[in-house]
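Colleague: predicted model follows, preceded by the sequence.
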Amino acid sequence: MSQIPSIGYDTRIKKMIVVILSIILLSIVGFSMIIAYPNALASTMDQQVTNQILEYEKWNCGMESTPNSNYFVTEFKVPETCSIPIAITYDNAENKVWFISTRNGTLFGFDPTKLTFESYRIPFWYSRDLPAGNSWSWDVKLDNTMNSLWFTDEKLNSLWKFDKIEKKFYNYPIPFRSEFFSTSYPISLGFENNNSMYFVGIRSLSLWHGQIDKMTNGTSQGLEEIPIPLKNAFQTIPNYEVGLGSLAIDKENKIIWITALAFEKKGVLIRYNITDNKFDIFELPTSIKSPTGIAVDSHGKVWITDHATSSFYKISPPDNSKNLTSTNIEHVVTSPLSSRIIGIDYYDISNKSVNLFKNTLPYWIKTTNDNSIWTNEHVGNKIARFVPDKDTLIEYWIPTQNIHFSVCDPVNSSKQCGYSNVLQFDVSAESSNASADIGPRIWFTEQSENKIGFIDLDKGIPISLSISPKVISLRNSNNSIENIEITVNKSDPILDFQKHIPPLTHNDTFFFKPIIAGTFVPNGDLMGMRVSFYPEILEIKSQDLIENETSYLGRVNVTLGGTQYVPPGNYSLMIGLEGQDFSILKKVKLNISG
């Protein structure tokens, strides 16, 4: 396997072009011009290259980004210029966080107790010696032995293994062939057992199997391609527009679940039975156009994100059918996009015309032993926890924003705008290292900010909500109105959110804005439904949180009415409050008739 040409190679090519152009110019206009023009041409080309590099760094490198924090989130700057970190995993055995620098080809280990980084240079990496660029590495996982890290490499169309004991890298090129693409773009991997791994690539319409004891460094030995029969599922869409999203392995049932999509056009769910070597293809509703992230919970239910909307879904596939109906699918929608993304304080309600029902883009999704569902809202700049048993959604705000990823003017605006590109995350249980004293956390990377960070789950949400009624009905009539009451109390110990509350003084005041979204359409829009809140901003004094005499903190009245026709059916509303560091919402069932 040859290495990518270095920057020196590019410079020589550039000089050759200048010389050739100079000779041509000499033959046309004579010797007098040749002295000045090549230097001017080279200077112009140098400036263009410099401008392109600066533009690349502006969008990807977080040169001026600093570590920020709020009550729940702590960030750390990566000790490497322009690392563009994406794939990340928590190593419970060593109490260490591992992540990949996709720009420079570095494997980092971070010790959250000592707050120190260690680094290992990957032997060869596409973009390391180029003036710009990176190789997208979306997934890194420990195998069942906990002794080796495996990660994907887009540009070199490879899997890598890092042996933690030997401190040695192994590379396994994927034997992918395509008339359209040079790489399978490996994106997601998992382990069935100690000797069996599976992975998928965006550009390869196959499931790949690796028999680990037969895999040999520098070769494709031990890798097997298992083509997925997708031809009939995407008949009207060109092959080059169809790709795979990610996979999840249900080890107990020996099933692999895979998402496939033609972005913003169509999506399907794939089930592969490892024992029978058999695929089943499930057509998803037309509203789910870009299924990407996928996970399996402890009940065998499948969760997917739709990375073109504000929605994620629980799917209960039937055992003896390939047809999914509404009874098999539960639709969950995030809160509306925070107005902070467009430079307006979340509690500023002066502009009633702002439409915040833009897509928050839930990306990857994971389940935990407590049956929580976690997803990162890419454009929403949040990481969300959904507790199905309690119909509760908690969203943690990331305290970094990048104005280049916003509608705000990066030159003339002093506002906080945009989002930090939290593209991957991992959920850590409490460390097995007793001396580490590290509780459960969500670890994440910020692709454009050169940072990693964590959400401290030992810190509890200081409030809880109750909604009444929990089930409402509306008719398709302008005269149909329902009133909903949000009661705000101190944190609900049943949800196990309350371990530590924020340090408070009697002079603190917390502001919360009522928020609502619906499952009428995937972006959460209310389809023209009239909604009013009273009060429009709820103020909670810290004194009320400190004192233990009562748990009651306040109430918000919600008036909901129809203004245009909504197809009859069963829907859900997510209703709650947005605060400075978090949002909390509860699900309300809604029936539309008439």
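Modeller: Cool, got the structure.

Colleague: can you tell me the SS state at Asp348?
Modeller: coil (DSSP: H, G, I helix; E, B strand; the rest coil).

Colleague: so who does it touch?
Modeller: Contact analysis of Asp348 by CB atoms under 8 Å, 6 or more residues apart in numbering lists Ser339. C-betas here are computed from N, CA, C, even on glycine.

Colleague: run the chain-centre distance for the helix or strand that contains Asn171.
Modeller: Element membership for Asn171 (DSSP states H and E) is strand 168-173. Put simply, strand 168-173 sits 27 Å off its chain's centre (CA atoms, centre = their mean, to the nearest Å).

Colleague: give me the sheet partners of that strand and which way each runs.
Modeller: Using DSSP bridges, strand 168-173 pairs in its sheet with strand 158-163 (antiparallel).

Colleague: list the buried residues for the partner strand?
Modeller: Neighbour-count burial for strand 158-163 flags 158-162 (criterion: 16 or more other CB atoms under 10 Å).

Colleague: out of the residues you listed, who's nearest Thr519?
Modeller: Distance to Thr519 across those (CB to CB) is lowest for Leu159, with 38.3 Å.

Colleague: pull up the gap between the residue lying closest to that closest one once chain neighbours are set aside and Phe117, please.
Modeller: Leaving aside its chain neighbours, Leu159 sits nearest to Tyr172 (4.6 Å; criterion: CB to CB, 6 or more residues apart in numbering). Shown here: Tyr172 relative to Phe117, a distance of 27 Å by CB to CB, to the nearest Å.

Colleague: neighbour-wise, which of these two wins?
Modeller: Neighbour count, other CB atoms under 10 Å: between Tyr172 and Phe117, Tyr172 has more, with 22 against 18.

Colleague: surely the more buried one is in contact with Met215?
Modeller: Yes. Using CB atoms under 8 Å, Tyr172 is in contact with Met215, at 5.5 Å.

Colleague: where in this protein is pLDDT low?
Modeller: Scanning the chain for pLDDT under 70 picks out 1-38, 430-438, 478-479, 492-507, 547-549.

Colleague: mind jotting down where the helices sit in the chain?
Modeller: With DSSP state H as the criterion, the chain has helices at 7-29, 31-34, 37-60, 542-546.

Colleague: which strands or helices does the longest one pack on?
Modeller: Going back to what we said before, that points to helix 37-60. Contact here means 3 or more CB pairs under 8 Å, 6 or more residues apart in numbering; DSSP states H and E; on that basis helix 37-60 packs against helix 7-29.

Colleague: residues near His299, how many?
Modeller: Residues within reach of His299, counting by other CB under 10 Å, total 10.

Colleague: cool, and the one 4 residues further on?
Modeller: Applying other CB under 10 Å, we find 25 residues neighbouring Trp303.

Colleague: please apply the same query to Asp213.
Modeller: 9.

Colleague: list the contacts of it.
Modeller: Asp213 neighbours (CB under 8 Å, 6+ apart): 195, 222.

Colleague: distance of it relative to Phe279?
Modeller: Applying CB to CB to Asp213 and Phe279 gives a distance of 26 Å.

Colleague: and the longest strand anywhere in the chain, what's buried?
Modeller: Ranked by residue count, the top strand of the chain under DSSP state E comes out as strand 582-593. For strand 582-593, a neighbour-count test (16+ other CB under 10 Å) marks 582-588, 590, 592 as buried.

Colleague: and if you look at stretch 144-164?
Modeller: Per 16+ other CB under 10 Å, stretch 144-164 contains these buried residues: 148-162, 164.

Colleague: could you do stretch 409-417 as well?
Modeller: Neighbour count says stretch 409-417 has 416-417 buried, by 16+ other CB under 10 Å.

Colleague: again with stretch 52-64
Modeller: Here stretch 52-64 shows 56-57, 60-62 as buried, counting by 16+ other CB under 10 Å.

Colleague: who's in contact with that stretch?
Modeller: 81-82, 84, 103, 131-134, 402, 404, 446-451.

Colleague: just curious, which of those residues is nearest to Gly222?
Modeller: Among the contacts of stretch 52-64, Asn134 lies closest to Gly222 (CB to CB), at 27.7 Å.

Colleague: next, the closest one: phi, psi?
Modeller: When quoted as degrees, to the nearest 10, the phi and psi of Asn134 stand at phi -160, psi 170.

Colleague: which ones are touching it?
Modeller: Per CB under 8 Å, 6+ apart, neighbours of Asn134: 60, 84, 102-103, 126-127.

Colleague: farthest-apart pair in those residues, please.
Modeller: Across the contacts of Asn134, no pair lies farther apart than Asn60 and Tyr126, at 14.8 Å, counting by CB to CB.

Colleague: just list the residues touching the residue nearest to Leu159, thanks.
Modeller: Neighbour list for Tyr172: 158-161, 210, 215-220, 222-223 [criterion: CB under 8 Å, 6+ apart].

Colleague: of those residues, closest to Leu393?
Modeller: Leu159 (35.2 Å).

Colleague: relative to Ile258, how far out is that closest one?
Modeller: 17 Å.

Colleague: before we move on, back to that, tabulate the contacts of Asn134 (CSV), appending distance to Val566.
Modeller: Putting these into CSV (distance: CB to CB, whole Å) gives the following:
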residue, distance to Val566
Asn60, 42
Ile84, 43
Thr102, 44
Arg103, 47
Tyr126, 50
Ser127, 49
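
Colleague: mark which of those are buried, thanks.
Modeller: 60, 84, 102-103, 126-127.

Colleague: show me which of those residues is closest to Tyr90.
Modeller: Using CB to CB, the buried ones among the contacts of Asn134 come closest to Tyr90 at Thr102, 18.8 Å.

Colleague: do I have it right that that closest one meets Cys82?
Modeller: No. Using CB under 8 Å, Thr102 is not in contact with Cys82; the gap is 10.0 Å.

Colleague: residues of stretch 164-177 that come out buried?
Modeller: 164, 169-172, 174, 176.

Colleague: can I get these in JSON lines with distance to Val302?
Modeller: Below are the buried residues of stretch 164-177 laid out as JSON lines (distance: CB to CB, whole Å):
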{"residue": "Lys164", "distance to Val302": "32"}
{"residue": "Phe169", "distance to Val302": "34"}
{"residue": "Tyr170", "distance to Val302": "32"}
{"residue": "Asn171", "distance to Val302": "32"}
{"residue": "Tyr172", "distance to Val302": "28"}
{"residue": "Ile174", "distance to Val302": "26"}
{"residue": "Phe176", "distance to Val302": "26"}
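
Colleague: pull the most distant pair out of the residues you listed.
Modeller: Lys164 and Phe176 (28.0 Å).

Colleague: could you report the neighbour count for the nearest residue to Tyr185 once chain neighbours are set aside?
Modeller: In this structure, Tyr185 finds its nearest non-sequential neighbour in Ile202, 4.0 Å apart by CB to CB, 6+ apart. Neighbour count of Ile202, defined by other CB under 10 Å: 22.

Colleague: go ahead and confirm Tyr240 touches Ile202.
Modeller: No. Applying CB under 8 Å, one finds Tyr240 not in contact with Ile202, separated by 11.3 Å.

Colleague: do you have the strands of the stretch 51-200 of the chain handy? List them.
Modeller: Counting by DSSP state E, counting those that start in this stretch, one finds strands in the stretch 51-200 of the chain at the ranges 73-77, 85-91, 96-101, 106-111, 116-121, 140-142, 148-153, 158-163, 168-173, 186-193, 196-201.

Colleague: just put these in CSV and tack on distance to Pro462.
Modeller: Below are those laid out as CSV (distance: least, CB to CB, whole Å):
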stretch, distance to Pro462
strand 73-77, 16
strand 85-91, 26
strand 96-101, 27
strand 106-111, 29
strand 116-121, 32
strand 140-142, 34
strand 148-153, 37
strand 158-163, 41
strand 168-173, 46
strand 186-193, 36
strand 196-201, 41
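
Colleague: closest to Asn369 out of those strands?
Modeller: Closest to Asn369 of the strands of the stretch 51-200 of the chain, according to CB to CB: strand 85-91, at 14.1 Å.

Colleague: taking strand 96-101 as reference, get the angle to that closest one.
Modeller: 160 degrees (axes from the mean of the first three to the mean of the last three CA atoms, to 10 degrees).
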